[in-house]
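Trainee: give me the fold of what follows.
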Amino acid sequence: MITVFNRKVLFQNTDAEAAAKVWSALKQNGIRYEMATKTHTSSVKRTLTQQHNIHYNAGGIPATWTEHPSAYLYIIYVHKNDYDRAKEVCDL
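Mentor: Predicted coordinates for the structure are as follows:
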């Protein structure tokens with residue numbers, strides 16, 4: 001079980017493809033991991049942006065289309081004991 005007390009950050013980046021490669025490699029090698037996705041934008045701001053875009057785009061373009069992809073940070077954690085092996089498996 002991975003908890004706040006026994007985990008270590010293996011990967012932290014805004015590139016979704018790179019994150020997918022890392023978690024795919026971990027999954028293939030049977031290494032347990034947890035992933036967190038964070039954004040600097042609050043849920044209230046995202047809601048207001050979405051309402052704004054739908055209003056001014058006549059309902060045509062959803063807010064997710066206009067958001068910058070680097071707004072999301074992907075963090076992958078592994079158990080401290082698996083860290084070295086995970087780093088090797090993922091070529092990090």
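
Trainee: flag every buried residue along the helix or strand containing residue 23.
Mentor: Using DSSP states H and E, residue 23 maps to helix 16-28. Buried residues in helix 16-28, counted by 16 or more other Cβ atoms under 10 Å: 19, 22-23, 25-26. C-beta here means a position set from N, CA and C on the backbone, and glycine is covered the same way.

Trainee: in JSON lines, list those residues along with pLDDT and distance to residue 81.
Mentor: Formatted as JSON lines, those follow (pLDDT from 0 to 100; distance: Cβ to Cβ, whole Å):
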{"residue": "19", "pLDDT": "93", "distance to residue 81": "22"}
{"residue": "22", "pLDDT": "96", "distance to residue 81": "18"}
{"residue": "23", "pLDDT": "94", "distance to residue 81": "18"}
{"residue": "25", "pLDDT": "96", "distance to residue 81": "18"}
{"residue": "26", "pLDDT": "97", "distance to residue 81": "14"}
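
Trainee: distance between the ends of stretch 22-35?
Mentor: One end of stretch 22-35 sits 10 Å from the other (Cα to Cα, to the nearest Å).

Trainee: residues making contact with it?
Mentor: For stretch 22-35, contacts defined as Cβ atoms under 8 Å, 6 or more residues apart in numbering pick out 2, 7, 10-11, 19, 74-79, 82, 85-86, 89-90, 92.

Trainee: among these, name the ones in helices.
Mentor: Using DSSP state H, the subset of the contacts of stretch 22-35 located in helices is 19, 85-86, 89.

Trainee: any chance of the residues you listed in CSV, plus distance to residue 30?
Mentor: Below are the ones in helices among the contacts of stretch 22-35 laid out as CSV (distance: Cβ to Cβ, whole Å):
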residue, distance to residue 30
19, 19
85, 10
86, 11
89, 10
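
Trainee: and those residues, which two are the farthest apart?
Mentor: 19 and 85 (18.7 Å; Cβ to Cβ).

Trainee: chain neighbours aside, what residue packs nearest to residue 36?
Mentor: Excluding its sequence neighbours, the residue lying closest to residue 36 (Cβ to Cβ, 6 or more residues apart in numbering) is residue 75, at 4.6 Å.
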